[in-house]
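In: Quick one: sequence plus predicted model below, questions after.
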Amino acid sequence: MRLRTALCSTVSALSALALVSACSGSSGSASTAGGKPLVGVDYPRSDTDFWNSYIKYTPEYGKKLGLSLKTTNSQNDVAKLTANAQTFISQGVKGIAMAPQDTAAIAPTLSQLAAKKIPVVTVDTRPDSGDVYMVVRADNRAYGEKACKYLGTKLGGKGKVVMLEGGLDSINGRDRTEAFNECMKADYPGIKVFGEATNWDGAVAAQKLQTDLTAHPDIKGIYMESSFALAGSLQVLKQKGLLVSPSDKKHVFVVSNDGIPEELKAIAAGQIDATVSQPADLYAKYALYYLKAAIDGKTFKPGKTDHGSTIIQVRKGLLEDQLAAPLVTADGGTYGGVASVKSDDTSLWGNNLS
């Protein structure tokens, strides 16, 4: 017992303060021939800069954490994700990280994995039902609220804005949309919001933005729920002569989500005005950290962590580590009570991607 206690006292610096039980029995059965636990990681898609960044970071953190990885790509298709999970099972993985884009349809797969005692960590999204070992994501309601506060401040509480929504079959799309609408209604009732469903499709977003700007040329704000809409939106603004400096009265204020390098460059160039930096690097790091913790028999409880986040209990049996996602602006100012960081801040992952 003393030896076990001593071993448990050597928890690595990655461990969260919310850790309850630190060590369990041998993980030898969960290892490959090389002695590294084998885990599966399903990449949800590879058609956006954000997810390509996550894909880049994942093997780096797998190596640092001493894990052996099997990877697949479900390409935004829950049927492929289900099939990929079956592949992982046949390969004998001891845990799976996934980012289901359809957060309702993944429930049967989660039930199957639970029955086989294969722990699951979901990244960026939270399943509508079913239990997983840990959810690793940022507070997506805060994304919508921060975008609302920024635009509400810049527009002086009056005018019209377009919200280019993500997929409402995803908890992320719903959280961002609902929070933005609720914040606008409560804090800036003089602003009219045109909500446009895009299903995370950049071409659809550009077409709907163009239609709205044609019908309502006095629109002064755009909230893009993800950087998927960045290139198309900038092109539409350019075509309409609206891609001008923030000091120009024709300027349309744009807030995005993700924090990819292209967004940070666009903020510096005065093309867009703000983004919320979604931590692609920390998603990869802590998804794999929690898988390793699951294999080692560790458990967690709600509370502050030692990596600047908070673990919350979403529902019985489901915990979520909500990682920090700061508002990013050119000046690092405070908008509607929300402090921002400057777009050239070296702590932002988008400024450190090689």
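Out: Nice, I can see it. Numbering: from 1, shown residues only.
In: hey, where'd the helices end up in the stretch 201-350 of the chain?
Out: 202-215, 230-239, 261-268, 280-295 (DSSP state H, counting those that start in this stretch).
In: between the ones you listed, which gets nearest to residue 168?
Out: helix 202-215 (13.1 Å; C-beta to C-beta). C-beta here means a position set from N, CA and C on the backbone, and glycine is covered the same way.
In: just the angle between the closest one and helix 230-239, please?
Out: Here helix 202-215 runs at an angle of 30 degrees relative to helix 230-239 (axes from the mean of the first three to the mean of the last three C-alpha atoms, to 10 degrees).
In: Can you list the buried residues in helix 202-215?
Out: 202, 204-206, 208-210, 212-213 (16 or more other C-beta atoms under 10 Å).
In: Dump the C-alpha coordinates for that helix into CSV.
Out: Provided in CSV are the C-alpha atoms of helix 202-215 (Å, rounded to 0.1, in the frame of the first residue of the first chain):
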residue,chain,number,x,y,z
GLY,A,202,-18.7,27.4,-47.0
ALA,A,203,-20.3,27.6,-50.4
VAL,A,204,-23.8,27.7,-48.8
ALA,A,205,-22.7,30.4,-46.4
ALA,A,206,-21.3,32.6,-49.1
GLN,A,207,-24.5,32.3,-51.2
LYS,A,208,-26.8,33.1,-48.3
LEU,A,209,-24.6,36.0,-47.2
GLN,A,210,-24.7,37.4,-50.7
THR,A,211,-28.5,37.1,-50.8
ASP,A,212,-28.8,38.9,-47.4
LEU,A,213,-26.5,41.7,-48.4
THR,A,214,-28.4,42.2,-51.6
ALA,A,215,-31.8,42.3,-49.8
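In: Name the surrounding residues that touch that helix.
Out: 162, 164, 194, 196, 198, 219, 222, 224, 228-233, 235-236, 239-240, 242 (C-beta atoms under 8 Å, 6 or more residues apart in numbering).
In: From residue 217, how far out is the nearest residue to residue 139 once chain neighbours are set aside?
Out: Distances taken as C-beta to C-beta, 6 or more residues apart in numbering place residue 322 nearest to residue 139, at 4.8 Å, with adjacent residues excluded. Distance, residue 322 to residue 217, by C-beta to C-beta, to the nearest Å: 39 Å.
In: The two: which is more packed in?
Out: The residue with more neighbours, out of residue 322 and residue 217, is residue 322; 19 against 10, by other C-beta atoms under 10 Å.
In: residues contacting that one?
Out: Residue 322 touches 137-139, 309-312, counting by C-beta under 8 Å, 6+ apart.
In: How about the contacts made by residue 287?
Out: 41, 58, 97, 121, 123, 136.
In: Check the secondary structure at the first one for me.
Out: When you say that, I think you mean residue 41. strand (DSSP: H, G, I helix; E, B strand; the rest coil).
In: Just the element for the closest residue to residue 280 other than its chain neighbours, please.
Out: In this structure, residue 280 finds its nearest non-sequential neighbour in residue 53, 4.1 Å apart by C-beta to C-beta, 6+ apart. Per DSSP states H and E: residue 53 is located in helix 49-64.
In: so the helix or strand just after that helix versus helix 49-64, what angle?
Out: Downstream of helix 49-64, the first helix or strand assigned by DSSP H and E is strand 68-73. Angle, strand 68-73 to helix 49-64, by the same axes, to 10 degrees: 160 degrees.
In: Could the C-alpha coordinates of strand 68-73 be exported in CSV?
Out: Extracted in CSV, the C-alpha atoms of strand 68-73 (Å, rounded to 0.1, in the frame of the first residue of the first chain):
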residue,chain,number,x,y,z
SER,A,68,0.5,4.2,-30.1
LEU,A,69,-2.1,5.5,-32.5
LYS,A,70,-4.5,4.0,-35.1
THR,A,71,-6.2,6.8,-37.0
THR,A,72,-9.2,7.0,-39.4
ASN,A,73,-11.2,9.9,-41.0
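In: helices or strands next to it in the packing?
Out: If contacts are counted by 3 or more C-beta pairs under 8 Å, 6 or more residues apart in numbering; DSSP states H and E, strand 68-73 sits against strand 38-43, helix 49-64, helix 78-90.
In: Which parts of the stretch 251-354 of the chain are strands?
Out: With DSSP state E, counting those that start in this stretch, the ranges of strands along the stretch 251-354 of the chain come out as 253-258, 274-277, 299-300, 303-304, 310-315, 318-323, 327-329, 334-335, 338-342.
In: Parallel or antiparallel, list what pairs with the third one.
Out: For strand 299-300, the paired strands and their directions (DSSP bridges) read strand 19-21 (antiparallel).
In: circling back: check the spacing between the residue nearest to residue 139 and residue 184 real quick.
Out: For residue 322, the distance to residue 184 - C-beta to C-beta - is 23 Å.
In: So for stretch 66-76, what gets flagged as buried?
Out: Buried, per 16+ other C-beta under 10 Å, within stretch 66-76: 67-74, 76.
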